[in-house]
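Chemist: I would like the atomic coordinates for the input below:
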Amino acid sequence: MPQLNPGPWFSIFLMSWIIYLTILTAKINNFKLQNEPTPQSTKKEKMHPWDWPWT
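Modeler: I've put the predicted structure just below:
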């Protein structure tokens with residue numbers, strides 16, 4: 001049964017994963033965001049109590 005012979009398909013499977021892990025991940029990791037995130041301010045806003053209209 002040819003399905004049990006791992007020779008032809010296992011090398012293709014292994015090479016495709018090697019290509020994926022080396023080339024494609026390097027291209028994805030080099031991607032730069034167009035809008036760099038800005039740091040949020042650490043100053044907290046003053047909390048205002050909620051005025052319940054029914055009380």
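
Chemist: tell me where this protein has helices.
Modeler: 7-19, 25-29 (DSSP state H).

Chemist: which of those helices comes out lowest on mean pLDDT?
Modeler: Per-stretch mean pLDDT for those is lowest at helix 25-29 (a mean of 83).

Chemist: and the gap between residue 5 and residue 11?
Modeler: 12 Å (CB to CB, to the nearest Å). No exception for glycine: its C-beta is placed from N, CA and C like everyone else's.

Chemist: one step back: reformat the helices of the chain as JSON lines; add mean neighbour count.
Modeler: Formatted as JSON lines, those follow (neighbours: other CB atoms under 10 Å):
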{"stretch": "helix 7-19", "mean neighbour count": "10"}
{"stretch": "helix 25-29", "mean neighbour count": "8"}
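
Chemist: mind putting those into CSV with distance to residue 47?
Modeler: Shown next, in CSV, are the helices of the chain (distance: least, CB to CB, whole Å):
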stretch, distance to residue 47
helix 7-19, 53
helix 25-29, 41
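
Chemist: and the average pLDDT for stretch 38-55 is what?
Modeler: 78.

Chemist: distance between that stretch and the chain's centre?
Modeler: Relative to its chain's centre, stretch 38-55 lies at 33 Å (CA atoms, centre = their mean, to the nearest Å).

Chemist: do the same with stretch 23-39
Modeler: 10 Å.

Chemist: how far does that stretch stretch from start to finish?
Modeler: For stretch 23-39, the first and last residues are 32 Å from each other (CA to CA, to the nearest Å).

Chemist: what does it contact?
Modeler: In this structure, no residues lie in contact with stretch 23-39 by CB atoms under 8 Å, 6 or more residues apart in numbering.
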